[in-house]
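K.L.:
sequence isn't available, so here's the structure alone:
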């Protein structure tokens with residue numbers, strides 16, 4: 001049987017050179033003149049001419065010229081391709097060998113031999129497992145993953161093992177690698193933050209796998225871990241996960257991991273010794289840059305050149321501030337004191353939110369409070385045990401007025417009255433170490449009230465007398481009332497004794513009981 005291309009060539013030669021000999025046609029089509037003679041005979045018997053041959057498929061021509069080849073009926077039983085395909089989709093499905101043994105056990109006489117069975121099954125699976133060609137637009141997606149191969153450094157004679165975060169841009173295939181202590185959420189966030197810093201911009205999408213540090217509930221639209229969702233919001237990009245158990249969804253980064261493993265990680269573990277994580281990451285950065293400058297196998301360019309030409313100009317700009325990971329997330333009900341206990345320190349929220357439920361986000365440097373999806377309070381983090389951070393604008397008017405009763409406020413007031421008033425207020429606060437003492441504040445408030453009634457001049461004179469004679473604030477009304485009629489030197493000093501107080505003589509010397 002001649003090849004189909006030779007058959008078509010002979011048919012075409014007969015059409016364009018009707019007077020040519022068999023030898024001439026054979027030389028033109030690379031076959032023997034006997035083959036040409038036999039083919040001409042077959043074409044005449046089945047009435048196949050050039051116009052009909054042009055419109056016929058290769059299979060139709062073959063069946064028409066060689067019907068005996070198609071009439072053969074095989075005696076062997078075909079494998080059950082449906083079951084084979086289902087098993088191939090399972091994570092722990094049956095091997096081809098096990099399937100062949102089951103196939104042969106049904107009837108050995110009608111079963112193919114092992115070699116032919118394997119050939120048929122593998123051919124079928126290759127045609128069944130198709131992959132859709134993905135075309136990634138420049139600046140659209142960044143794929144991320146962790147390499148399975150660890151690297152280490154030595155510290156005090158002990159090996160410290162590290163995991164390697166790897167990223168790959170979709171269009172330019174530019175790689176990035178960074179070593180972290182593990183694969184916790186904070187490690188992923190650290191890797192992604194440095195990744196965007198290295199690329200100098202932000203892609204529209206970050207494609208992740210379904211690691212528990214990233215995804216709380218997998219699915220078509222996954223429920224992301226809180227920190228990961230906040231990272232996407234901060235950088236203005238979509239966090240998208242691949243299908244569960246389908247690593248081919250992020251095939252580019254899988255290939256990037258393989259490339260980095262073979263070219264960088266294995267040589268690092270085999271031939272090099274490091275003494276800190278900083279040394280490891282410095283070496284990783286240098287080696288990855290070398291990979292990005294290597295030309296592609298089938299394209300006459302490099303990852304870096306392709307990145308500079310098509311991807312870097314379309315990446316979104318980096319945000320003004322770096323992302324801060326949430327160390328703690330809480331949902332709390334605001335007490336009547338409108339202060340929330342976070343750790344061992346209290347932070348204020350607007351008093352109007354008392355008895356409302358709010359969300360608290362604790363970062364490494366700040367405490368943020370959200371209500372109805374709006375930021376309502378933000379404080380610098382404070383680790384003073386038992387302390388309290390209060391913003392004046394969070395307090396109602398009466399509380400703000402009460403909060404003003406402090407040492408500094410009363411000293412400012414006394415400064416407008418006179419020097420004696422300042423000294424007298426200082427004497428009161430010398431009795432406490434708390435500049436916001438409520439008890440002292442009440443005494444000073446009584447002085448403010450007295451001053452308002454008597455006037456600054458009289459009050460200042462009264463303070464002078466009180467300082468010289470150690471008069472308490474509770475006795476200042478008596479001093480002020482006496483100043484109107486007497487000179488300060490004539491004002492009687494309050495006696496400690498009283499004529500209505502009896503001594504021990506009144507009890508005849510027996511007062512033990």
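P.N.:
That came in fine, so what should we check first? This structure is a prediction, so every number in the text was calculated from the model and none was measured.
K.L.:
helix or strand right after the lowest-mean-pLDDT helix or strand in the chain?
P.N.:
The weakest-scoring helix or strand in the chain, judged by mean pLDDT, DSSP states H and E, is helix 67-70 (a mean of 71). Toward the C-terminus, helix 67-70 is succeeded by helix 81-89 as the next helix or strand (DSSP states H and E).
K.L.:
residue contacts, the residue nearest to residue 288 when sequence neighbours are not counted?
P.N.:
Nearest non-adjacent residue to residue 288, counting by Cβ to Cβ, 6 or more residues apart in numbering: residue 177, 4.9 Å away. Yep, even glycine has a C-beta here, placed from its N, CA and C like the rest. When contacts are counted by Cβ atoms under 8 Å, 6 or more residues apart in numbering, residue 177 touches 147, 164-167, 260, 264, 284-285, 288.
K.L.:
wait, is residue 177 part of a strand?
P.N.:
Yes: using DSSP: H, G, I helix; E, B strand; the rest coil, the assignment for residue 177 is a strand.
K.L.:
so what sits opposite it in the bridge?
P.N.:
residue 166 (DSSP bridges).
K.L.:
name the residues that touch the helix or strand hosting residue 27?
P.N.:
In the assignment (DSSP H and E), residue 27 maps to helix 22-29. By Cβ under 8 Å, 6+ apart, the surrounding residues in contact with helix 22-29 are 6, 9-10, 13-14, 17, 32-33, 35-37, 40.
K.L.:
cool, stretch 470-478 as well?
P.N.:
Against stretch 470-478 from outside (Cβ under 8 Å, 6+ apart): 428, 443-444, 446-447, 450, 462, 465-466, 479, 494.
K.L.:
give me the distance between the two termini of it.
P.N.:
Terminal residues of stretch 470-478 lie 14 Å apart, using Cα to Cα, to the nearest Å.
K.L.:
re earlier: can you flag which of the contacts of helix 22-29 belong to helices?
P.N.:
6, 9-10, 13-14, 33, 35-37, 40 (DSSP state H).
K.L.:
out of those residues, which are buried?
P.N.:
Neighbour counting by 16 or more other Cβ atoms under 10 Å classes 6, 9-10, 13-14, 35-36 among these as buried.
K.L.:
okay if I get these as a markdown table plus distance to residue 328 and pLDDT?
P.N.:
Below are these laid out as a markdown table (distance: Cβ to Cβ, whole Å; pLDDT from 0 to 100):
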| residue | distance to residue 328 | pLDDT |
| --- | --- | --- |
| 6 | 78 | 91 |
| 9 | 79 | 91 |
| 10 | 83 | 90 |
| 13 | 85 | 90 |
| 14 | 87 | 88 |
| 35 | 85 | 91 |
| 36 | 87 | 90 |
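K.L.:
adding distance to residue 351 as columns, could you present those in TSV?
P.N.:
As requested, those are exported to TSV (distance: Cβ to Cβ, whole Å):
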residue	distance to residue 351
6	95
9	95
10	99
13	100
14	102
35	102
36	104
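K.L.:
any regions of the stretch 101-250 of the chain where pLDDT drops low?
P.N.:
Confidence mapping of the stretch 101-250 of the chain against pLDDT under 70 gives the ranges 130-134.
K.L.:
hey, where'd the strands end up in it?
P.N.:
Listed in chain order, the strands of the stretch 101-250 of the chain (DSSP state E, counting those that start in this stretch) span 141-146, 151-155, 158-169, 175-180, 205-208, 215-217, 223-224, 238-241.
K.L.:
okay, buried residues for the helix holding residue 27 please.
P.N.:
22, 25-26, 29.
K.L.:
check stretch 172-181 too.
P.N.:
So for stretch 172-181, counting by 16+ other Cβ under 10 Å, buried means 172-180.
K.L.:
using CSV, lay out those together with distance to residue 82.
P.N.:
Shown next, in CSV, are the buried residues of stretch 172-181 (distance: Cβ to Cβ, whole Å):
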residue, distance to residue 82
172, 42
173, 38
174, 43
175, 41
176, 44
177, 44
178, 46
179, 47
180, 46
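K.L.:
wait, which of the residues you listed is closest to residue 129?
P.N.:
Distance to residue 129 across the buried residues of stretch 172-181 (Cβ to Cβ) is lowest for residue 173, with 23.7 Å.
K.L.:
nearest residue to residue 50 other than its sequence neighbours?
P.N.:
Once chain neighbours are set aside, the closest to residue 50 by Cβ to Cβ, 6+ apart is residue 15, at 3.7 Å.
K.L.:
gap between that neighbour and residue 28?
P.N.:
Using Cβ to Cβ, to the nearest Å, we find residue 15 at a distance of 13 Å from residue 28.
K.L.:
over to residue 370?
P.N.:
84 Å.
K.L.:
now swap in residue 359 and tell me
P.N.:
Taken as Cβ to Cβ, the span from residue 359 to residue 28 is 84 Å.
K.L.:
coming back round to it: would you point out the most distant pair within the contacts of stretch 470-478?
P.N.:
Maximum distance among the contacts of stretch 470-478 (Cβ to Cβ): 20.5 Å, for 444 and 494.
K.L.:
between these two, who's got more neighbours?
P.N.:
residue 444 (24 against 11; other Cβ atoms under 10 Å).
K.L.:
for the more buried one, what are its contacts?
P.N.:
Per Cβ under 8 Å, 6+ apart, neighbours of residue 444: 405, 410, 425, 428, 473.
K.L.:
in helices only, show me those residues.
P.N.:
Those of those lying in helices (DSSP H): 410, 425, 428.
K.L.:
now those as JSON lines including distance to residue 222 and neighbour count?
P.N.:
Formatted as JSON lines, the ones in helices among the contacts of residue 444 follow (distance: Cβ to Cβ, whole Å; neighbours: other Cβ atoms under 10 Å):
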{"residue": "410", "distance to residue 222": "59", "neighbour count": "25"}
{"residue": "425", "distance to residue 222": "64", "neighbour count": "25"}
{"residue": "428", "distance to residue 222": "64", "neighbour count": "19"}
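K.L.:
for the stretch 351-500 of the chain, what spans make up the strands?
P.N.:
357-363, 366-371, 374-380, 388-389.
K.L.:
which strands and helices sit next to the third one?
P.N.:
When contacts are defined as 3 or more Cβ pairs under 8 Å, 6 or more residues apart in numbering; DSSP states H and E, strand 374-380 sits against strand 345-348, strand 366-371.
K.L.:
mind redoing it with 6 Å?
P.N.:
Other elements packing on strand 374-380 under the criterion 3 or more Cβ pairs under 6 Å, 6 or more residues apart in numbering; DSSP states H and E are strand 366-371.
K.L.:
quick one: the strand it packs on to strand 374-380, angle?
P.N.:
160 degrees (axes from the mean of the first three to the mean of the last three Cα atoms, to 10 degrees).
K.L.:
ok so, going back, mean confidence for the helix holding residue 27?
P.N.:
Across helix 22-29, the average pLDDT comes to 90.
K.L.:
next one: it to chain centre, how far?
P.N.:
Averaged C-alpha coordinates place helix 22-29 at 72 Å from its chain's average position (Cα atoms, centre = their mean, to the nearest Å).
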